[in-house]
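Novice: Sequence first, then the predicted structure:
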Amino acid sequence: MRTLHVGLRVSDLERSLSFYRAVGYTVVGTVEGTPFGSLTMLRLPGDSFVTIELVHDPVRGAVDLGTGINHLVVQVDSLDAIVADLAAQGIATKPPGPPDRADEPRTRWLTDPDGYRIELVQWPAGHADGITEADFA
């Protein structure tokens, strides 16, 4: 068993697509006319599978984040390179917190057009590609 993807309701599909493309996502396909609205499936380069589904129904209006999803996490190979890429496209990231230690992940945060927070993570050398039991030992 594994998580397949996260569905995010968006208020302006084109604005959200522009943002997620700038982050590095590509559109895999769309499904129109569902009870939830149109569904646009996204994945990152190197991923074989969809990881985000943008759900758009213009009748529903603005997104109310309420107490729903807190944040998404995206692994990157080079945090410095992605932050520079995003800045060149007009997407700001929040400055990092305290100085990173070499044995800890490096992180930066950004916010999509509907207010969803995204954490960018670069694992330290030798770390698994994700959080494992070893991180809690």
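Specialist: Arrived safely, thanks for sending.
Novice: what residue ranges in this structure are flagged as low confidence?
Specialist: Along the chain, the model assigns pLDDT under 70 to residues 1, 3, 67-68, 97-101, 137.
Novice: what about the longest strand in it?
Specialist: strand 26-34 (DSSP state E).
Novice: Strand partners (parallel or antiparallel) of that strand?
Specialist: Next to strand 26-34 in the sheet, as set by DSSP bridges, lie strand 37-43 (antiparallel).
Novice: Show the contacting residues for the nearest residue to Y25 once chain neighbours are set aside.
Specialist: Of all residues not flanking Y25 in the chain, L42 sits nearest, at 4.1 Å (CB to CB, 6 or more residues apart in numbering). Placement of C-beta: from N, CA and C, glycine included. By CB atoms under 8 Å, 6 or more residues apart in numbering, L42 lies in contact with Y20, Y25, T26, V27, V28, V50, T51, I52, E53, L54.
Novice: Count the residues that sit near the third one.
Specialist: It refers to T26. T26 has 12 neighbouring residues, counting by other CB atoms under 10 Å.
Novice: Give me the distance between the residue nearest to it when sequence neighbours are not counted and R9.
Specialist: In this structure, T26 finds its nearest non-sequential neighbour in R43, 6.3 Å apart by CB to CB, 6+ apart. Separation of R43 from R9 (CB to CB, to the nearest Å) stands at 19 Å.
Novice: picking up where we left off before, how far away is the residue nearest to Y25 from H127?
Specialist: 25 Å.
Novice: quick one: buried residues of stretch 102-112?
Specialist: P105, R106, T107, R108, L110, D112 (16 or more other CB atoms under 10 Å).
Novice: Cool, thanks, talk later.
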